[in-house]
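1. Okay, here's the prediction I keep looking at, along with the sequence it came from:
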Amino acid sequence: MFSATCVAPVNMALVKYWGKRNEELILPINDSISMTLDANEMSAKTTVCASESFKENRMWLNGDVVPFEENARLMRCLEGVQRLALANGAQRFPLSWKLHIASYNNFPTAAGLASSAAGYACLVYTLARLYEIPMNEELTTIARQGSGSACRSLYGGFVQWHRGTTEDGRDSIAEQLVPAEHWPEMHMLILVVNDARKKTASTKGMQLAVNTSTLIQHRAKEIVPQRIKELKSAIQSRDFKTFAEITMKESNQLHAIALDTYPPCVYMNDVSHAIVNFVHDYNESVGSLQAAYTFDAGPNACLYVLAENVPKLLAAIQLAFPNDSQQSVEYVKGIPVPPVETEKCNTNGSVGHVYSKNMLKYIIHTKIGNGPHQLSDEKSLLIDGLPLPK
């Protein structure tokens, strides 16, 4: 019996991936750039076990049985890694041996928080470790075929996913722009508005947009290339002002295209729009761009903020969005934040409007992080000897 257990992080897009030019291979219509988040706060963990005694491939996600052979994306990832194993001459055990896979997300699934990206990145990385394949760009093309943005979660720091031009997708790869150490002060506050499964899945929303939106092709051809260039420059120079402006405009444009889709896809809600208004009011009150929002295909807000500005921003959020659970240790999760005197936030005008109580479910404080890594066998998600999920 052979096994490997690994953890892979979430990534959050700055320049957005929305729309495919090839559905089966998951080839995007434009480049995208993301920031990888620290796996300590949000991650997928996967154990893959191979044994001669297993009769069939089996998988569990968060303890629930997942259909294996019928899952085309799952099978593409497995077959892709096995092809690499053959090409590399990696033969620890016969490729005919069946697998048992257990995976667990420590954050909501299908709620617009990039759970599928972390999940498929973790699956591909763990399979690669099981078959002793070194990390390389070919693995990003395999992860991409599970969930497009999964290719970006195979690297830490800031990552660019190249659209590519070939029909077979060989050049649609992810590339690390800079490691996490390049801009370690970059943090994020995730304001969870709704952690339920979203009404319109991203895959369906993208298909509808490509087929019906008149704005999406203009964005892909004319707007994204320039924003990619400007954002890469801002990241290299650690220019938060430019970084923030591009990030917020990109988020706005993604949701404008979702509304330009027919019938429209509505991912943001009234609370999401209240957060947008709050961020613009906050930045105006402090006299500079200190917070930048982005929303993926869901209502939850991800706020980019430099480490030194986190305490003050969090205090302002808690004043603007009061919550009965604010004193609970479960309300603000993740990296601890030093307290700030909330009266100061109020008197300096950084809170322009106080919204109704309990509009937010909870807040996660995280930061820029590294790519996937392997854990010791003691961290396995499968019970030795069976193996079944713990």
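-> Noted; the coordinates are in hand. Residues are numbered from 1 along each chain as shown.
2. burial count for residue 62?
-> 14 (other CB atoms under 10 Å). Where C-beta positions appear, they are placed from N, C-alpha and C, glycine not excepted.
3. what does residue 209 give?
-> Residue 209: 24 neighbours (other CB under 10 Å).
4. Residue ranges in the chain under the pLDDT threshold?
-> Residues of the chain that meet the criterion pLDDT under 70 lie in 90, 108-114, 342-351, 385-388.
5. Let's see that with 90 instead.
-> 1, 62-63, 68-70, 88-92, 106-116, 194-203, 327, 329, 338-353, 383-390 (pLDDT under 90).
6. in it, which spans are helices?
-> Under the criterion DSSP state H, the chain contains helices at 72-88, 115-130, 137-144, 202-212, 216-218, 224-237, 240-260, 270-286, 310-320, 342-347.
7. could the ones you listed be laid out in TSV, adding distance to residue 63?
-> As requested, the helices of the chain are exported to TSV (distance: least, CB to CB, whole Å):
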stretch	distance to residue 63
helix 72-88	17
helix 115-130	14
helix 137-144	23
helix 202-212	24
helix 216-218	38
helix 224-237	38
helix 240-260	32
helix 270-286	30
helix 310-320	33
helix 342-347	40
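8. List the contacts of residue 244.
-> Contact partners of residue 244, counting by CB atoms under 8 Å, 6 or more residues apart in numbering, are 283, 289, 291, 292, 304.
9. do that again at 7 Å, thanks
-> Residues in contact with residue 244 (CB atoms under 7 Å, 6 or more residues apart in numbering) are 289, 292, 304.
10. likewise residue 44?
-> With CB under 7 Å, 6+ apart, residue 44 has these contacts: 8, 103, 105, 118, 119, 122.
11. from those residues, which is closest to residue 234?
-> residue 118 (25.3 Å; CB to CB).
12. so how far is residue 105 from residue 62?
-> Between residue 62 and residue 105 the distance is 6 Å, computed by CB to CB, to the nearest Å.
13. again, but for residue 172
-> 25 Å.
14. So which of these two has more stuff around it?
-> Neighbour count, other CB under 10 Å: between residue 172 and residue 105, residue 172 has more, with 25 against 21.
15. wait, doesn't that one sit right on residue 143?
-> No. Using CB atoms under 7 Å as the test, residue 172 is too far from residue 143 to be in contact (11.3 Å).
16. so of the contacts of residue 244, which ones are in strands?
-> 292, 304 (DSSP state E).
17. What is the nearest of the contacts of residue 244 to residue 83?
-> Closest to residue 83, out of all of those and judged by CB to CB, is residue 304, at 37.8 Å.
18. so who does the closest residue in space to that closest one that isn't next to it in sequence touch?
-> Spatial nearest neighbour of residue 304, chain neighbours left out: residue 292 (4.5 Å); criterion: CB to CB, 6 or more residues apart in numbering. When contacts are counted by CB under 7 Å, 6+ apart, residue 292 touches 243, 244, 247, 248, 303, 304.
19. looking at those residues, which has the most residues close by?
-> residue 247 (28 neighbours).
20. quick revisit: any chance of the contacts of residue 292 in TSV, with distance to residue 156 too?
-> Formatted as TSV, these follow (distance: CB to CB, whole Å):
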residue	distance to residue 156
243	18
244	21
247	19
248	24
303	20
304	16
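21. Need the max-distance pair from these.
-> Pairwise across the contacts of residue 292, and taking CB to CB, the largest span is found between 243 and 303, at 12.7 Å.
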